[in-house]
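S.K.: Predicted model and sequence below, questions to follow.
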Amino acid sequence: MKNLILVRHGKSSWEYSVGDKDRPLLERGINDALLVSNKFHENRLDIDMIFSSPANRALHTAMIFCRQLYFPLDKFRTTEWLYDFSGDEVLQFVKDLDDNLKTVMIFGHNHAFTHIANSHGNSYIENVPTSGLVHLALNVDQWASIEKGVTKRTIFPKHLKE
């Protein structure tokens with residue numbers, strides 16, 4: 001059994017004249033990431049590795065989660081493979097993961113994460129929102145063999161604010 005936890009980066013700002021990779025989180029993005037990470041922390045799920053897109057907004061979201069989950073940074077990496085919007089490179093990255101890793105959390109972007117959540121989970125998600133988390137349970141022993149799994153849990157900021 002493999003567990004893939006997808007987290008879309010927090011709400012980012014378009015106010016600054018910076019390249020796409022350098023866009024920062026808005027205060028709302030920070031607050032939403034804190035809400036979702038705190039809710040997820042209640043699960044006490046043992047995560048083997050966390051990977052993030054190198055984009056500032058994804059990296060900052062990942063750091064918020066690492067801090068809230070008390071996750072050791074020696075098990076954290078950035079990778080260009082997650083700076084992908086189609087899902088093709090993200091999926092290839094996942095399929096290439098070390099099979100010794102049972103539970104992996106990745107931080108990245110849409111449309112890639114909505115596509116992967118829908119193609120590998122059993123619940124349709126219209127759109128993974130910013131700071132949204134989708135936990136997929138995959139009944140395989142090798143990452144390269146991933147197919148349709150179970151959407152074990154979703155945590156979206158708007159559900160925590162109601």
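M.R.: Received it, and whenever you're ready, just let me know what you need. Numbering: from 1, shown residues only.
S.K.: only C-alpha atoms for contact and neighbour calcs from this point on.
M.R.: Fine.
S.K.: what residues are up against Leu97?
M.R.: Leu97 sits next to 143-144 when contact means Cα atoms under 8 Å, 6 or more residues apart in numbering.
S.K.: Apart from its neighbours in sequence, what residue is nearest Leu160?
M.R.: Leu35 (7.2 Å; Cα to Cα, 6 or more residues apart in numbering).
S.K.: so Ile106 sits right up against Ile5, yeah?
M.R.: Yes: the pair Ile106 and Ile5 passes the contact test of Cα atoms under 8 Å, sitting 6.2 Å apart.
S.K.: Now do the end-to-end distance for stretch 44-59.
M.R.: Terminal residues of stretch 44-59 lie 22 Å apart, using Cα to Cα, to the nearest Å.
S.K.: wait, is Lys148 part of a helix?
M.R.: No: Lys148 sits outside any helix when classified using DSSP: H, G, I helix; E, B strand; the rest coil, being coil.
S.K.: what's the helix or strand for Leu4?
M.R.: Using DSSP states H and E, Leu4 sits within strand 2-8.
S.K.: outside of the following helix or strand past that strand, which residues touch it?
M.R.: Next helix or strand after strand 2-8 toward the C-terminus (DSSP H and E): helix 27-41. Helix 27-41 is contacted from outside by 9-12, 61, 64-65, 68-69, 130-133, 155-157, 160, using Cα under 8 Å, 6+ apart.
S.K.: rerun at 10 Å
M.R.: Helix 27-41 is contacted from outside by 7-13, 24-26, 57, 60-70, 130-133, 135, 153-161, using Cα atoms under 10 Å, 6 or more residues apart in numbering.
S.K.: Could you write me a PyMOL select line covering just the buried ones among those residues?
M.R.: Burial among these is assessed by 16 or more other Cα atoms under 10 Å; the matching PyMOL selection reads:
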select buried, resi 7+8+9+10+11+12+24+25+26+57+60+61+62+63+64+65+66+68+69+130+131+132+133+135+154+155+156+157
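S.K.: I figured Ser53 hits Thr79, correct?
M.R.: Yes: Ser53 is within contact range of Thr79, at 5.5 Å (criterion: Cα atoms under 10 Å).
S.K.: shared neighbours of the two, which are they?
M.R.: Taking Cα under 10 Å, 6+ apart as the criterion, Ser53 and Thr79 both touch 90, 106.
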